[in-house]
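1. Dropping a prediction and its sequence here:
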Amino acid sequence: MSVGIVGYGAYVPRYRIKVEEIAAIWGKNPEDYKKGLKVAEKSVPGVDEDAATIAVQCARNALDMTGIDPQNIGAVYVGSESHPYAVKPTGTIVAEAINATPELTSADYEFACKAGTAAMQVCMALVKSDMIEYGLAVGADTSQGRPGDALEYTAAAGGAAFLIGKDPLVEIEHTCSFTTDTPDFWRREGQEYPRHGARFTGEPAYFRHVISATKLLLDKTGTSINDYDFVVFHQPNGKFPLKAGKRLGIPPEKMLPGLLVNKIGNTYSGATPLGLAAILDQAEKGDRILATSFGSGAGSDSFALKVLKKIENPHPVKKYIENKKYLNYGEYVKHRRKIKM
Amino acid sequence: MPHRKSLGLVWRRIPQRYRLMGTKCFTCGSHFFPPRPWCPKCRRKGKIEKHKMKGRGKIHSYTIVNVPQQGFDLEVPYILAIIELLEGPKLTAEITNTEPEHVSIGMPVKMVFRKISEDGDSGIIHYGYKFEPELKE
Ligand SMILES: [Zn+2]
């Protein structure tokens, strides 16, 4: 019996800020950032939104697709780098909101931008070993960059949830990971904003991990890039995923449907899951998808997926991307609570 | 410092706050939100059971709040509405994800899960229902 995605749901908050608006405040040339990062605007959460509320919306959208009784969900794992509490799992809030409590296991995952895909792997293993019937894996973030830092131009909000079970819409044919201790992105306990290795972020961190995990997956499955109709990589900016794709010989047209960063920014734990959801929205029965996440300089999870049934998503990603309201920098500061009251 | 709510009360209200859990009288079909333990119409003949509201309804009336209560300073102006649920009951809730100029009486709305308030920097975060305009496809 194959295991995979039985339903999925995505969510992107309605608010956006343009790169020009941020650059103007810091006296920078917006074209440098637009060209350098290939990002035009990013999503911003509402004042009453956080990683938990985003995760709940994603989870409800995923359930809407299936008609599964939430009481049959045996695990809820939420991956995020912006969990609302330092101690108290976001997963418990999500499980309660979707009426999956109390017979289930839950924990939060943290692995910077790849925490959501780590949650998918665990759910898959629990379903495959018959420990649970369904597992819910969510990647959701309301990430923050220090004002004026390069991250401020891309740190965005959004997420996606995957209900993992048997007899799936989309089979997860294989998954594997590539992990090292590479100091690229971190936040110490009690610190408000993360720090990053700046130039270090490229070669030894993003490219090495994404490319190695992807090659490992191709190797283990005995497949080549030609076997896949769509590819999605983690997207901290618009340049990195296409550059990694080029090195692996992936035609850009296989990547563009899952490349959302130019319109919504880097949604961190939400990024690869959202890109995958956008691809599933347009994939057809028989299509094969390759997805590789990346987090914190230090790890990538790679997945080979195959669409087994016709997919009809009542809440397509496109709907959320197109529903937007622009903020000026002052409104943005209020939304992100950068003012201390 | 915002007013601190009793943790016990907060906890008991989670089913109603998080997922609109009300009650239904299976004798006459009336729905109740907030949940009622008995049906005022059927009284002793009433058969009351827990029932989750679908979370859809329309704006019955609304007001724009410009002077916030403590802890809501970042949200002004916000929209407070009486919403008539599809099932019949009316409740008061904030309308989120839109601006006052886009709101009107009779407008279809949908329940969303949002942050309601926080007990300062170190206390509990209160989550619960708000409503947003139905997104057009
Ligand atoms: Zn009755």
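-> Perfect, I can see it now.
2. Quick check, pLDDT for B:K5.
-> Confidence at B:K5, expressed as pLDDT, is 68.
3. same thing with A:P183?
-> pLDDT, read off for A:P183, is 81.
4. Assumed it was part of a helix.
-> No. Read with DSSP: H, G, I helix; E, B strand; the rest coil, A:P183 is coil and lies in no helix.
5. Distance-wise, check it relative to A:T201.
-> A:P183 is 11 Å from A:T201, where distance means CB to CB, to the nearest Å. For the C-beta atoms, the positions are set from N, CA and C on the backbone; glycine is no exception.
6. again with A:G275
-> 19 Å.
7. So which of these two has more stuff around it?
-> A:G275 (30 against 19; other CB atoms under 10 Å in any protein chain shown).
8. Wasn't that one part of a helix?
-> Yes. Under three-state DSSP, A:G275 sits within a helix.
9. show me what contacts it?
-> By CB atoms under 8 Å, 6 or more residues apart in numbering or on different chains, A:G275 lies in contact with A:V232, A:F233, A:Q235, A:G258, A:L259, A:L260, A:A291.
10. let's see 10 Å
-> By CB atoms under 10 Å, 6 or more residues apart in numbering or on different chains, A:G275 lies in contact with A:10, A:160, A:230-235, A:241, A:255, A:257-261, A:267, A:289, A:291, A:293, A:317.
11. Stretch A:164-171 - what's its average pLDDT?
-> 98.
12. Tell me which stretches of the chain form helices.
-> Went with chain A since none was named. Counting by DSSP state H, chain A has helices at residues A:19-25, A:30-37, A:51-64, A:90-97, A:115-128, A:208-221, A:240-247, A:252-255, A:261-264, A:271-282, A:317-322, A:329-335.
13. that answer is for a different chain, and I need it for chain B
-> B:7-12, B:14-19.
14. Which one of these lies nearest to A:G190?
-> When the helices of chain B are compared by CB to CB, helix B:7-12 sits nearest A:G190, at 24.8 Å.
15. who touches the residue most central in space within chain A in this structure?
-> Nearest to the geometric centre of chain A sits A:G270, at 2.3 Å (CA atoms, centre = their mean). Neighbour list for A:G270: A:10-12, A:43, A:51, A:54-55, A:58, A:79-80, A:113, A:115-116, A:138-143, A:156-161, A:260, A:264, A:277 [criterion: CB under 10 Å, 6+ apart].
16. wouldn't A:L126 be in contact with A:I132 here?
-> Yes. A:L126 lies in contact with A:I132 (CB atoms under 10 Å); the separation is 4.7 Å.
17. can you list residues touching both of the two?
-> Common neighbours of A:L126 and A:I132 (criterion: CB under 10 Å, 6+ apart): A:G74, A:A75, A:T105, A:I164.
18. Run a quick neighbour tally on the closest residue to the second one other than its chain neighbours.
-> The reference is to A:A75. Among residues not flanking A:A75 along the chain, A:G135 sits closest, at 4.1 Å (CB to CB, 6 or more residues apart in numbering or on different chains). A:G135: 27 surrounding residues under other CB under 10 Å.
19. ok, the closest residue to A:K309 other than its chain neighbours to chain B distance?
-> Nearest residue to A:K309 in three dimensions, chain neighbours excluded: A:L169, at 4.9 Å (CB to CB, 6+ apart). As for A:L169, its distance to chain B is 21 Å (criterion: CB to the nearest CB, to the nearest Å).
20. same question, A:M131
-> Distance of A:M131 to chain B, computed by CB to the nearest CB: 26 Å.
21. what about the stretch 51-200 of chain A, any weak spots by pLDDT?
-> Flagging of the stretch 51-200 of chain A using pLDDT under 70 yields the residue ranges A:198-200.
22. go on, the stretch 201-341 of chain A?
-> Scanning the stretch 201-341 of chain A for pLDDT under 70 picks out A:338-341.
23. try 50 this time
-> Along the stretch 201-341 of chain A, the model assigns pLDDT under 50 to residues A:340-341.
24. What count of nearby residues applies to the residue of it at minimum distance from the ion?
-> Residue of the stretch 201-341 of chain A nearest the ion, by CB to the ion: A:P314 (33.2 Å). Look at A:P314: counted by other CB under 10 Å, it has 10 neighbours.
25. before we move on, the earlier item: shared neighbours of A:P183 and A:T201, anything?
-> A:G297.
26. For beta bridges, what are the partners of the closest residue to B:H51 other than its chain neighbours?
-> Using CB to CB, 6+ apart and skipping the chain neighbours, the partner closest in space to B:H51 is B:K24 (3.7 Å). Taking DSSP bridges, one obtains B:H31, B:E49 as the residues bridged to B:K24.
27. got the buried residues for the helix or strand of chain B at the bottom of the mean pLDDT ranking?
-> Ranked by mean pLDDT, DSSP states H and E, the weakest helix or strand in chain B is helix B:7-12, scoring a mean of 89. With burial defined by 16 or more other CB atoms under 10 Å in any protein chain shown, the residues of helix B:7-12 counted as buried are B:V10.
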